[in-house]
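> coordinates only, sequence not included:
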């Protein structure tokens, strides 16, 4: 089968590990040239180096408008175009330990810190991607939101708020581009529990790791964590020319969590089966 992203150029933010790293690896496999961006220079450079001549690392702090200006200017100078942006960089607010993030006790500075990365970063990414894509009039912007952008999370109010705003801004960008007569699509992906380094402090490395994992996904109908590669597969679809009629859409990848509840699977004897 032909590669799906041949001759395309992409930016993936927060690509040093987790979902971002899985996306850049899959994009490179599909013959895309990928700019691996992050603020973790060591890990980001290692990911780019592992992909050979299909990738390059650029430092990008998504909160800084001057970084977006510098990166998009450099990419257009080097590659002549930008075809895909994946706004993946994000934080939960708990990276440095337990912090109150409920609606009553969250500090304003902590609220702002989460929104600066998760929402301001997406706003700036969309802004500069549209400008970079406008000369060719086509492109795909993919915003990584979350299941938490569709439901309330009492203990992570800033995270849920920021991801809900990403969902809505995605639709605004999609409508704006269509209004402008541009074939620049903008869609969002909403993962739930994906097995990334974010979960490692909770899972640990002891003998009870398997039990901890099972407990954390007990309410998920498929009763397992999703894998970064599964999210990357959705990003590939949205980045490719196979999804050119999709814009302003949201794709959930949550093991059935938002569908409702599922009964615990059980073994059924064939003799008890209902015959039609």
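That came through fine. This structure is a prediction, so every number in the text was calculated from the model and none was measured. Numbers count the residues shown, from 1 in each chain.
> Check the protein for its longest strand and report it.
Ranked by residue count under DSSP state E, the longest strand found in the chain is strand 183-191.
> Mind listing what's buried along it?
By neighbour count on 16 or more other CB atoms under 10 Å, the buried set for strand 183-191 is 184, 185, 186, 187, 188, 189, 190, 191. C-beta coordinates here come from the backbone N, C-alpha and C atoms, glycine included.
> How about stretch 49-62?
51, 54, 55, 56, 57, 58, 60, 61, 62.
> what about it, how long is it end to end?
One end of stretch 49-62 to the other measures 22 Å (CA to CA, to the nearest Å).
> pLDDT on that stretch, on average?
What stretch 49-62 shows for mean pLDDT is 98.
> Residues contacting it, please?
The contact list for stretch 49-62, computed with CB atoms under 8 Å, 6 or more residues apart in numbering, reads 11, 13-14, 24-25, 28, 31-39, 41, 44-45, 47-48, 67-68, 71, 74-75, 87, 89, 117, 120-122, 124-125.
> Mark which of those residues are buried, thanks.
For those, buried by 16+ other CB under 10 Å: 11, 13-14, 24-25, 28, 32-39, 44-45, 47-48, 67-68, 71, 75, 87, 89, 117, 120-122, 124-125.
> Which of these fall in strands?
Reading strands off those with DSSP E, I get 11, 33, 34, 35, 36, 37, 38, 87.
> Let me know the closest of these to residue 236.
residue 34 (11.7 Å; CB to CB).
> partners of that closest one in the sheet?
residue 10, residue 55 (DSSP bridges).
> how much space between the residue lying closest to residue 226 once chain neighbours are set aside and residue 255?
The shortest distance from residue 226 to any non-neighbouring residue, by CB to CB, 6 or more residues apart in numbering, is to residue 194 (4.5 Å). The gap separating residue 194 from residue 255 is 10 Å, by CB to CB, to the nearest Å.
> quick one, phi/psi of residue 85?
Here is the backbone geometry of residue 85 (degrees, to the nearest 10): phi -130, psi 130.
> mind listing the strands for the stretch 51-200 of the chain?
With DSSP state E, counting those that start in this stretch as the criterion, the stretch 51-200 of the chain has strands at 55-59, 84-87, 138-144, 183-191.
> I'd like those laid out as TSV, including distance to residue 169.
Converted to TSV, these look like this (distance: least, CB to CB, whole Å):
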stretch	distance to residue 169
strand 55-59	24
strand 84-87	10
strand 138-144	7
strand 183-191	9
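> List just the one of the ones you listed that sits closest to residue 103.
Using CB to CB, these put strand 183-191 closest to residue 103, at 21.6 Å.
> elements contacting that closest one?
helix 121-133, strand 138-144, helix 157-179, helix 228-239, strand 250-253 (3 or more CB pairs under 8 Å, 6 or more residues apart in numbering; DSSP states H and E).
> With respect to burial, which of the ones you listed scores highest?
strand 138-144 (a mean of 25; mean count of other CB atoms under 10 Å).
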